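A.B. asks: Would you be able to build a 3D model of this:
(one chain, ligands or ions: 2)
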Amino acid sequence: MEPEDYFMAAAVLSARRSRDPSTQVGACIVNQDKKVVGVGYNKMPNGCEDHMPWSRSKVCHAELNAILNKNSADLKGCSIYVTLFPCNECAKLIIQAGMKEVIYLSDKYNTSPETQAAKLMFKQAKIPFRKFLPKETEVVLQLQSV
Ligand SMILES: O=c1ccn([C@H]2C[C@H](O)[C@@H](COP(=O)(O)O)O2)c(=O)[nH]1
Ligand SMILES: [Zn+2]
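C.D. replies: Ligands and ions are numbered 1, 2, ... in the order given. Prediction:
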């Protein structure tokens, strides 16, 4: 499998863990040695899952969780693969963490003020973003031994 397909597949698989009834989001952070250093998905804060109904204002975004789950000292020069274009709050985190590029799958909220603000900040911070173009469009996983 091509490395980029693998990284986006990791983001897509991570998104599958989300309980968001509307939009499941996954993120996969990759360092300059092409090693995965953090993955995450959108979820309620730890310990809060069973106590509150799903709420947009309380959810921790996939990018935040991937950053907090990092297994390296810092994320400078890393790339982030995301299944949804980051919002303005996540853009700030990506910029401040020193990441070098954003690769996204869906841009379905392209016209929203949050996405517009995120794009403006990435441009100002000189962090390129590009739509993911897969080499393979489908990854089939067999989890049962035969
Ligand atoms: O940067 C982002 C933007 C959004 N999310 C999450 C937050 C929500 O759980 C969903 C969006 O829900 P909608 O009902 O489609 O508005 O996506 C994220 O993780 N990262
Ligand atoms: Zn966000």
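A.B. asks: ok but Asn71 is inside a strand, no?
C.D. replies: No - assigned with DSSP: H, G, I helix; E, B strand; the rest coil, Asn71 falls outside any strand and is coil.
A.B. asks: what about it, how many residues close to it?
C.D. replies: 11 (other CB atoms under 10 Å). The C-beta positions use only the backbone N, C-alpha and C, and glycine is treated the same way.
A.B. asks: same deal with Tyr109?
C.D. replies: Neighbour tally, Tyr109, other CB under 10 Å: 15.
A.B. asks: Up against ligand 1, what does this structure have?
C.D. replies: 20, 22-23, 25, 42, 56, 59, 61-63, 84, 86-87, 90 (CB under 6 Å from any ligand atom).
A.B. asks: Check what pLDDT the residue most central in space within the chain gets.
C.D. replies: Centrality entry for the chain: nearest residue to the mean C-alpha point is Ala27, 2.3 Å, by CA atoms, centre = their mean. According to the prediction, Ala27 has pLDDT 98.
A.B. asks: quick thing: my sequence starts at 3, can you match it?
C.D. replies: In the new count, where the first residue is 3, that last one comes out as Ala29.
A.B. asks: give me the beta-bridge partners of it?
C.D. replies: Beta-bridge partners for Ala29, by DSSP bridges, are Gly42, Val84.
A.B. asks: In contact with it, which residues?
C.D. replies: Shown in contact with Ala29 (CB atoms under 8 Å, 6 or more residues apart in numbering): 13, 16, 40-43, 64-65, 67-68, 82-85.
A.B. asks: Most widely separated two among those residues?
C.D. replies: Farthest-apart pair in these is Gly40 and Thr85; separation 14.8 Å (CB to CB).
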